[in-house]
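Colleague: What follows is a predicted structure for the sequence shown.
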Amino acid sequence: QVHLVESGGGLVHVGKNLTLSCTYSISGQPVGIPAMGWFRQAPGKEREFVGVIQSTKTTFYSDSVKGRFTISRDDDQNTTSLLMNSLKAEDTAVYYCAAGRGLFAGSGSDDYRWWGQGTQVVVSS
């Protein structure tokens, strides 16, 4: 069982930066530290993949955020962070962190078993 809580959302202007955090707690019989993904859902749109950091700390990102967003993790502190630079109005969404079913995960929602409640990010022009 993995419990996730996101924080750090808010209102920010176009071009500014914002960092989201996700604190996770693992109970039961963990088989390892899972991959941690970030997704987002804009109003009226499907949830979309943002990026993932594997248990090895390898990362990959969607094309829409590559070069602007950076995911990191601190397994001693049980946190993963999403640093968002040069924000655009189209980055406005509810952002979710998710724990993978295993040590590695891809861009599909099915790769993730546990989800946080989401944190709202509004990028205003």
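Modeller: Okay, I see it. These numbers come from a predicted model, not from an experiment.

Colleague: Report the residue spans of the chain with pLDDT below the cut-off.
Modeller: Low-confidence segments of the chain, defined by pLDDT under 70: 28-32.

Colleague: one more time with 90, if that's ok
Modeller: 1-2, 24-34, 75-76, 102, 125 (pLDDT under 90).

Colleague: Ser125 versus the residue nearest the centre of it, what's the distance?
Modeller: In the chain, the centroid-proximal residue (CA atoms, centre = their mean) is Trp38; its distance is 2.3 Å. According to CB to CB, to the nearest Å, Trp38 and Ser125 sit 23 Å apart. In short, each C-beta sits where N, CA and C put it, glycine included.

Colleague: Could you do Lys88 as well?
Modeller: 9 Å.

Colleague: okay, the two: which has more neighbours?
Modeller: Lys88 (14 against 7; other CB atoms under 10 Å).

Colleague: That one contacts His13, doesn't it?
Modeller: No. Using CB atoms under 8 Å as the test, Lys88 is too far from His13 to be in contact (10.8 Å).

Colleague: So for these two, which residues contact both of them?
Modeller: Listed contacts common to Lys88 and His13 are Val123; contacts here mean CB atoms under 8 Å, 6 or more residues apart in numbering.

Colleague: Report the set of residues contacting both of Lys88 and Ser125.
Modeller: The contact lists of Lys88 and Ser125 share Val14, where a contact means CB under 8 Å, 6+ apart.

Colleague: where exactly do the strands run in this protein?
Modeller: Applying DSSP state E to the chain gives strands spanning 2-7, 10-13, 18-26, 36-41, 48-53, 59-61, 69-74, 79-84, 93-100, 112-115, 119-124.
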